[in-house]
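In: Predicted model, plus sequence, below.
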Amino acid sequence: MKNKLSDRILLQSSPFIIAGPCSAETPEQVHQISTELSVNSQVQMLRAGIWKPRTHPDSFEGLGVKALPWLVEAGKNIGIPTCTEVANKVHVDAALKAGVDALWIGARTTVNPFAVQEIADALKGTNTPVLIKNPINPDLELWLGAFERFNNAGLDDLTAIHRGFSIYNHAKYRNVPSWEIPIAFKESRPETPLICDPSHITGNRNLLLEVSQYAMDLNFDGLMIETHPNPDQAWSDAKQQITADGLNDLLGRLVLRQPDFSHDVASMIDEIREKVSVLDDQLFILLSERMQLSEEVGILKRENNITILQQEHWSQLISKRLSQSESYHLTPQFVRILMEAIHQESIRHQTRIMNPKTNKFS
Ligand code: PEP
Ligand code: MN
């Protein structure tokens, strides 16, 4: 690719769409899905997994090198660049030799600094675009560290993909989005485009639209969505794949907010933000006063040999606030997180009071 992929993604005003099957299965399947996708001018990159890191060894693990030419030809055929997942140097060399345009690092690889370093070293001297998925565990530093490894190897055409985080037995999503992590990623690397992969977040085609819309509302730069000619028959990730028509429909339903920062709106927003800032000031003053009271309780606990955590009291406290969440027009999730954060901070203050020698306040 002549121009940097990351620049192209950042500069265009519409979301950058990557689509294609979870795995390349047969030459016919890759050819069919790519031709079906080519009808949609919004699809700008074709994906297909060649090497699939699977949880169980008896799952379909990809066809390997023999499938690379199917992807490359399909991309040429419809005139868009291609990408595939690589997890080691052998994959990198084979993918580049076959003419794949961009490479992505899967979530199970981003967790492993040795593997990431090996891939970065293998790409030294090329300016191959690399898309780096978040690690499966919610570790922002590990994700950022992978970017640093590529930067240090002289590669700067980098894009991030948010695909959610593994969690045991989550009721709704295959991988929880924990949106605060991609938001913090953007804070650290505002110059790096960020794409959302709703297929691997949801694991469920019925939830793709809501997660894609959420990503668009958070100003993500694009979407990677798994598509297959016969999703239910897919050899991997069948439940989350959709047809090319399904993708058209999803993209058609997405509401893309085109900002209208005319003078009036901007000053109206500023005015409300001023008021919000005054309330935030009050919140922090109250929190500070609350912690002073916690410290007073801490002194009494120390003098009377009472443990910091009083489970029953804490349970009462949190249930009372949870039961009020609706009347405050707050979600129970928020009330729980807020109360837990306040409680943790209160414990920190009391720990310092109880053990002044071993606990410096930091
Ligand atoms: C994939 O994109 O097919 C894939 C395996 O993704 P992840 O690394 O996000 O699990
Ligand atoms: Mn997949």
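Out: On my side now, so go ahead. Ligands and ions are numbered 1, 2, ... in the order given.
In: How many residues are close by the residue of the stretch 51-200 of the chain found nearest ligand 1?
Out: Residue of the stretch 51-200 of the chain nearest ligand 1, by C-beta to the nearest ligand atom: residue 106 (3.1 Å). Backbone N, C-alpha and C define where each C-beta goes, glycine included. When neighbours are defined as other C-beta atoms under 10 Å, residue 106 has 22 of them.
In: Repeat that for residue 286.
Out: For residue 286, the count of nearby residues is 10 (other C-beta under 10 Å).
In: what pLDDT, on average, does the helix or strand containing it get?
Out: For residue 286, the enclosing helix or strand under DSSP states H and E is helix 263-303. Averaging pLDDT along helix 263-303 yields 94.
In: what do you get for stretch 27-42?
Out: Averaged across stretch 27-42, pLDDT comes to 97.
In: thinking again about what came up before, model confidence for the residue of the stretch 51-200 of the chain closest to ligand 1, exactly?
Out: 98.
In: repeat for residue 358
Out: For residue 358, pLDDT reads 72.
In: any idea how far it is from ligand 2?
Out: Shown here: residue 358 relative to ligand 2, a distance of 48 Å by C-beta to the ion, to the nearest Å.
In: you'd agree that residue is in a strand?
Out: No. Assigned with DSSP: H, G, I helix; E, B strand; the rest coil, residue 358 falls outside any strand and is coil.
In: burial count for it?
Out: 8.
In: how far away is it from residue 332?
Out: 36 Å (C-beta to C-beta, to the nearest Å).
In: burial count for residue 332?
Out: 13.
In: what's the answer for residue 261, then?
Out: Neighbour tally, residue 261, other C-beta under 10 Å: 8.
In: Name the nearest residue to the residue of the chain found nearest ligand 2, ignoring sequence neighbours.
Out: The minimum distance from the chain to ligand 2, using C-beta to the ion, falls at residue 22 (3.3 Å). Ranked by C-beta to C-beta, 6 or more residues apart in numbering and with sequence neighbours excluded, the top spatial neighbour of residue 22 is residue 237, at 4.0 Å.
In: Now do the same contact list for that neighbour.
Out: Residue 237 is in contact with 22-23, 199-200, 203, 226, counting by C-beta atoms under 8 Å, 6 or more residues apart in numbering.
In: Check those residues and tell me the two furthest apart.
Out: 23 and 203 (15.4 Å; C-beta to C-beta).
In: These two: who's more crowded?
Out: residue 23 (26 against 17).
In: residues touching that one, list them.
Out: 48-50, 52, 60, 62-63, 234-237.
In: Give the other helices and strands that the host helix or strand of residue 216 contacts.
Out: Using DSSP H and E, the element containing residue 216 is helix 208-217. With contacts taken as 3 or more C-beta pairs under 8 Å, 6 or more residues apart in numbering; DSSP states H and E, helix 208-217 sits against strand 194-196, helix 198-202, strand 222-226, helix 244-253.
In: quick one: which of these is nearest residue 114?
Out: Among the helices and strands packed on helix 208-217, helix 198-202 sits nearest to residue 114 (C-beta to C-beta), with 23.2 Å.
In: Briefly note if the closest one comes near ligand 2.
Out: No. Judged by C-beta under 5 Å from the ion, helix 198-202 stays clear of ligand 2, getting no closer than 6.0 Å.
In: Start at 771, not 1
Out: Done: numbering now begins at 771, and the last item shifts to helix 968-972.
In: So for the residue nearest to residue 792, what's the pLDDT?
Out: Among the per-residue scores, residue 1007 holds a pLDDT of 95.
In: Look up the closest residue to residue 774, ignoring the ones flanking it.
Out: Nearest one to residue 774, counting by C-beta to C-beta, 6+ apart, is residue 927 at 4.5 Å.
In: Give me the neighbour count for that neighbour.
Out: 19.
In: Now list the buried members of the contacts of residue 793.
Out: 818-820, 822, 832-833, 1004-1007 (16 or more other C-beta atoms under 10 Å).
In: ok, which of the residues you listed also contact ligand 1?
Out: residue 819 (C-beta under 6 Å from any ligand atom).
In: Among the buried ones among the contacts of residue 793, which one lies nearest to ligand 1?
Out: Distances from ligand 1 to the buried ones among the contacts of residue 793, taken by C-beta to the nearest ligand atom, are shortest for residue 819, at 4.6 Å.
In: All good on my end, thank you.
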